[in-house]
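J.: quick one: sequence plus predicted model below, questions after.
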2 protein chains.
Amino acid sequence: MPAYKASIRDIQFVLHEMLEIEQHYARLPGGEGLGRETIDAMISEVARFMERVVAPLNRSGDEEGCHWSPEGVRTPAGFKEAYDQYYESGFGSIATDEAYGGQGLPPSLRTVLSEMVGAANSSFSMYPGLTAGAIAAIQDHGSEEQKQAYLPKMNEGVWSGTMCLTESHCGTDLGLLRTKAEPLGDGSYAITGEKIFISAGEHDLTENIIHLVLARLPDAPAGTKGISLFIVPKLAIDEQGNVGDNNGVQCASLEHKMGIKASATCVMAFENARGVLLGEPNKGLRAMFTMMNHARLATGMQGMALGVLSFQGALEYAKERLQMRSLTGPKAPDKPADPIIVHPDVRRMLLTQKVIAEGSRAMAGYCSMISDLALRLPETEEGKHAEAQLELLTPICKAFMTDLGSEACNLGVQVFGGHGYIREQGMEQMIRDGRVLQIYEGANGIQALDLLGRKVLADGGARLKGFIGRIEALCEEHRGDEELKEFIEPLERLHPEWVGLVSEIMERALQNPDEAGAASYDFLSYSGYVSFAYFFAWSAAVAKRKLREGSDEAAFYEAKLLTARFYVRRILPRTRALVETMRSSASDLMDLDAEHFSF
Amino acid sequence: MPAYKASIRDIQFVLHEMLEIEQHYARLPGGEGLGRETIDAMISEVARFMERVVAPLNRSGDEEGCHWSPEGVRTPAGFKEAYDQYYESGFGSIATDEAYGGQGLPPSLRTVLSEMVGAANSSFSMYPGLTAGAIAAIQDHGSEEQKQAYLPKMNEGVWSGTMCLTESHCGTDLGLLRTKAEPLGDGSYAITGEKIFISAGEHDLTENIIHLVLARLPDAPAGTKGISLFIVPKLAIDEQGNVGDNNGVQCASLEHKMGIKASATCVMAFENARGVLLGEPNKGLRAMFTMMNHARLATGMQGMALGVLSFQGALEYAKERLQMRSLTGPKAPDKPADPIIVHPDVRRMLLTQKVIAEGSRAMAGYCSMISDLALRLPETEEGKHAEAQLELLTPICKAFMTDLGSEACNLGVQVFGGHGYIREQGMEQMIRDGRVLQIYEGANGIQALDLLGRKVLADGGARLKGFIGRIEALCEEHRGDEELKEFIEPLERLHPEWVGLVSEIMERALQNPDEAGAASYDFLSYSGYVSFAYFFAWSAAVAKRKLREGSDEAAFYEAKLLTARFYVRRILPRTRALVETMRSSASDLMDLDAEHFSF
């Protein structure tokens, strides 16, 4: 396993130099007084913990996996200690409500942590990740009594959380779910049903596990309009908050998965488990979406994190591994061969990983900044605008960053050659761990439909135009700057094309809704590449300014410019293929009879 | 695991309807009298065996894996029995020399078998695959005595073969290898050194294992010009052909891999192991390339085979899994939801898998046909032309078909959603098993350099123009056919573009050799997509002719046309991105200092 080393300089570049986060925090409730020094100290503290405590459990956790017995699930060696330290260090409650034991800091600080914990140990990151989602749902939808009952212990890490949605016959289509909730007459409900793919459903890390479970009330309407959300603790909790006997919640088995083997993915059986309603009856999906949106952004970051780790591993290997001579003559004549980083095709792979890591980091940073605004200033014009932006960018973040994350992990293995296929090297684990990201929290095809259907076509492109407004502003600012032309000009061509594609698809979709479905995936990918072009142009503009001002970190900023150039010249052209396929007819996909796919 | 079902109808389409293989066999030494009935009977026999005997061991083999002990390596349950039956059925000696126990049938028949065994069980296919490569090397480079000594038992499956190239510090760069061969004075040599990643290096399937080992003679020149190839049996063989004691060949350990877990990948230690020279001293790489070229085509087919299996699994699932309603209204109103094959984005994934499977099958079939000519009519004009074609197409086959194979396997998992991530379903295993194909037998980046450097630029594009001659002939034949226009027109645009790109790259590479390295991967992918466009146009022309003739399999041929159309409209546009990136400068890749990739 490559020894994870947090990308502190680049994280600082995004936070301080691109986002000017200090100024942003200055006017954000919970961010007052957060100066650069404090922020950087926090980054260093998190980095140290992830590098020293969490990362060393990544490889061993994959080999050991989780073990089920009738008494419960055992997580791999070291997980419990690391988990306890994680919460003792306060990493589990950075941005949660101070009234219930949280620290109330800006949510964007959690993003920085997300990258680091995800890169250090993908499986480990699931446990606090799920709890964070459950905390958010209870914060947003719980009664005062519920918040008092659950949040302090969850913020402390004494109890953890889950989200129990999927059943074996329904994942995407939650309208089909069958788990039942029968009123017990005292305001609580008896929950019965089986859920699958439940991350952190059972484990030995906490005293109790607070399951958030989707189920149907007896008189519920069919479909998604009849789903309610319930808080169902694993162990019963008395009025003093003490845990007692099992509450009818059993882990029936562990799923055997391709990766994230140290994350306990459980089949959960609820049998007359006592639960309470979270939020309103039959509006469970809405409440669950608080968790889902949180989880979707977090999933995008996991993709980024794995891309970062894979890039680090591949880069180190490419600088050390000696194989063949450069086509332009020996570069290490004193050695038996040149380090493989001299070969253009190896550089193509490394630079692709690099732009995936850095483009994703910038995008994630931007999303976390607008997420701060949406969450902390929801009533303001700015907060509402940010919310709309976030709605647009969430599916892109989730799907595009996980698709690219998988690409980066695959490239990392390729750079290692045969050694990449060997488990001890840790490179192939990233492919396995990362592969689920394109699937869970709404498969990427669902994100594509969400983006094109709900986020773009549904409002006639208004949210999209909002984001494009930012792109135009950047273009406006740097128009005529000869040295930035290579980054700005493509954007000036792309943003009107983007809007134009929406009009074209909208027109076709009005005739035939399948046209939207047929164009959706390409549209999402296209949107991702154009968004990245914006973030790279932005980073190039910052770097150029620093160089003009005479920075003593010239190599760093020059590298930023070359990285942006690689993106524009070698990755952005992928949009040319996507534009063409997006413009093709849905009939390409729909004409073949289902029975004639194979003979 | 999806139950593998050989794609007999489509295999027949390629063999009989596209390649007109019966006519081809009629004038091929070893193919005389092979009529359609015999060919189809063989296909059915192979299919039955792979479906019933080999495929059922695929999932269990992955879970059980191979086990090392000082006594040797144990393959998973059932492998030994299946292996014996494989050879008893004569599948191991279809195309090998009759003088040494082979059947002497055309090599192209082995291709049909390759697809089926690879789809049935990727790990299993490695054992006879390695033996076939070793047989080919001994057939081509061995003395009469060596052929007599080894080939009959290898053809029978009583002994197996390996290729021992890689050492821990060298894979691509074999010039660095250190294994030594000391002359023993009796014409034999004492081989000492450690080899890694040796497929089938040790196992319990055969009485003996014949290792072909690259090593250096004492006075050998440095680099690749000082490498010789040796035959080194695991157990010593006396003059009567009886096996005796261990010959100084030990399996030191098994590699722990991402996939192909039922294939024993060994670290092999040779300590004064007695071996004999195969071919001439210091010309071992040339002899090894007989195996390598064989293995590269076979690797491409493994990629195709996994694509086929993944497509089958995903298609079956997509027809059964009920989730959401079609955007154009319910298609299965009697069911709680529609089968997911109604959704355009699911169809995009399935059709992509389908064109990967069928395009690869056509390309593999074509390569195997010209391989027949190159091997069996080497002295004729036609044979030489075929050899040149094969040299051009081998790296494309190897790299492009394994890249696409991985894409297909990833799509298969995606179609399954969360269930695809679960091992029992067998879909994720294909990603793991297939991931090595892009690496072994020359990583795909090496194939790209081989294609652009040795196969295209080195002869000024002559081999390429040979292949383009066939494309032109197809265009010529169908020019003006309105119903084939959609397939022919793109080809008419692409083939001159292909030649033009070669000229452009050549010009730049003359100034700076890194330009070739920088363009190579995109050039290989581009070449693959254009080649596939040719095979799909060819298949469409055949299908259209059959329909015009009034076939009673109209649905099959209509599906062929729709498949080709999907390819042209939804996959071929990828060339637009590749053309753009290929035209960019090598400086995009080379300007960043190796020390400035990360800060």
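T.: Alright, I've got the coordinates. All of these numbers come straight from a predicted model, not from anything done at the bench. Residues are numbered from 1 along each chain as shown, chains lettered A, B, ... in the order given.
J.: around the nearest residue to A:A554 once chain neighbours are set aside, count how many other residues there are.
T.: Nearest residue to A:A554, sequence neighbours excluded (CB to CB, 6 or more residues apart in numbering or on different chains): A:L547, at 6.2 Å. Where C-beta positions appear, they are placed from N, C-alpha and C, glycine not excepted. Residues near A:L547, counting by other CB atoms under 10 Å in any protein chain shown, number 17.
J.: return the backbone torsion pair for A:L547.
T.: Backbone geometry at A:L547, expressed as degrees, to the nearest 10, gives phi -70, psi -40.
J.: tell me who's in contact with it.
T.: A:A554, A:Y557, A:E558, A:L561 (CB atoms under 8 Å, 6 or more residues apart in numbering or on different chains).
J.: dump these into a markdown table; add neighbour count and secondary structure as well.
T.: A markdown table is the format used below for the contacts of A:L547 (neighbours: other CB atoms under 10 Å in any protein chain shown; DSSP: H, G, I helix; E, B strand; the rest coil):
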| residue | neighbour count | secondary structure |
| --- | --- | --- |
| A:A554 | 12 | helix |
| A:Y557 | 22 | helix |
| A:E558 | 18 | helix |
| A:L561 | 22 | helix |
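J.: and the stretch 101-250 of chain A, which residues reach chain B?
T.: Proximity of the stretch 101-250 of chain A to chain B, by CB under 8 Å from any CB of the partner chain, involves residues A:T166, A:H169, A:C170, A:G171, A:T172, A:D173, A:G175, A:L176, A:I196, A:F197.
J.: which among the residues you listed count as buried?
T.: A:T166, A:C170, A:G171, A:T172, A:D173, A:G175, A:L176, A:I196, A:F197 (16 or more other CB atoms under 10 Å in any protein chain shown).
J.: closest one of the contacts of A:L547 to chain B?
T.: Nearest to chain B, judged by CB to the nearest CB, of the contacts of A:L547 is A:E558 at 7.2 Å.
J.: I figured the closest one hits B:H596, correct?
T.: Yes - with contacts counted by CB atoms under 8 Å, A:E558 reaches B:H596, the gap being 7.2 Å.
J.: give me the nearest residue to the residue of the stretch 51-200 of chain A found nearest chain B, chain neighbours excluded.
T.: Residue nearest to chain B within the stretch 51-200 of chain A (CB to the nearest CB): A:D173, separated by 4.3 Å. Among residues not flanking A:D173 along the chain, B:Q323 sits closest, at 4.3 Å (CB to CB, 6+ apart).
J.: quick one, helices of the stretch 451-599 of chain A?
T.: For the stretch 451-599 of chain A, applying DSSP state H, counting those that start in this stretch gives helices covering A:462-478, A:485-511, A:514-549, A:554-566, A:574-582, A:587-590.
J.: for chain B, what's its nearest residue on the stretch 351-500 of chain A.
T.: Using CB to the nearest CB, the closest approach of the stretch 351-500 of chain A to chain B is made by A:E428 at 3.9 Å.
J.: over to the stretch 1-150 of chain A?
T.: Closest to chain B within the stretch 1-150 of chain A is A:R9: 4.4 Å, counting by CB to the nearest CB.
J.: follow-up on the earlier one: pLDDT value on the residue of the stretch 51-200 of chain A closest to chain B, please?
T.: With respect to pLDDT, A:D173 has a value of 92.
J.: next one: A:M292
T.: Per the predicted model, pLDDT is 83 at A:M292.
J.: please list all residues in contact with it.
T.: Shown in contact with A:M292 (CB under 8 Å, 6+ apart): A:M163, A:E441, A:G442.
J.: can you say which helix or strand has the second one in it?
T.: Read that as A:E441. Secondary-structure assignment from DSSP states H and E places A:E441 in no helical or strand segment.
J.: dihedrals phi and psi, it?
T.: Per-residue torsions, A:E441: phi 60, psi 40 (degrees, to the nearest 10).
J.: how deep is it tucked in, by neighbour count?
T.: Neighbour number of A:E441 under other CB under 10 Å is 27.
J.: can you show me the strands along the stretch 301-450 of chain A?
T.: Ranges of strands in the stretch 301-450 of chain A, per DSSP state E, counting those that start in this stretch: none exist.
J.: same check, this time on the stretch 51-200 of chain A
T.: Secondary structure of the stretch 51-200 of chain A by DSSP E, counting those that start in this stretch: the strands cover A:67-69, A:72-74, A:159-164, A:180-183, A:188-199.
J.: I'd like these as TSV, with mean pLDDT appended.
T.: TSV is the format used below for these (pLDDT from 0 to 100):
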stretch	mean pLDDT
strand A:67-69	98
strand A:72-74	97
strand A:159-164	97
strand A:180-183	98
strand A:188-199	98
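J.: any idea which of the ones you listed is most buried?
T.: Comparing those by mean neighbour count (mean count of other CB atoms under 10 Å in any protein chain shown), strand A:159-164 ranks first with a mean of 26.
J.: picking up where we left off before, may I see the contacts of A:L547 arranged in a markdown table, with pLDDT as well?
T.: Listed next are the contacts of A:L547 as a markdown table, based on pLDDT from 0 to 100:
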| residue | pLDDT |
| --- | --- |
| A:A554 | 98 |
| A:Y557 | 98 |
| A:E558 | 98 |
| A:L561 | 98 |
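J.: tell me which of those residues is nearest to A:E32?
T.: A:Y557 (30.9 Å; CB to CB).
J.: once you drop chain neighbours, what's closest to that closest one?
T.: Closest residue to A:Y557 apart from its sequence neighbours, by CB to CB, 6+ apart: A:A543 at 4.0 Å.
J.: just checking, that neighbour touches A:T563?
T.: No - taking CB under 8 Å as the definition, A:A543 is not a contact partner of A:T563, at 9.0 Å.
J.: so which of the two has more stuff around it?
T.: Comparing A:A543 with A:T563 by neighbour count (other CB under 10 Å), the higher total belongs to A:A543, at 26 against 23.
J.: can you pull the buried residues of stretch A:277-290?
T.: Buried residues in stretch A:277-290, counted by 16+ other CB under 10 Å: A:L277, A:L278, A:G279, A:P281, A:N282, A:K283, A:G284, A:L285, A:A287, A:M288, A:T290.
J.: out of the helices of the stretch 451-599 of chain A, deepest packed?
T.: With neighbours defined as mean count of other CB under 10 Å, these peak in mean count at helix A:514-549, which reaches a mean of 23.
J.: quick one: mean pLDDT over that helix.
T.: On average, the pLDDT along helix A:514-549 is 98.
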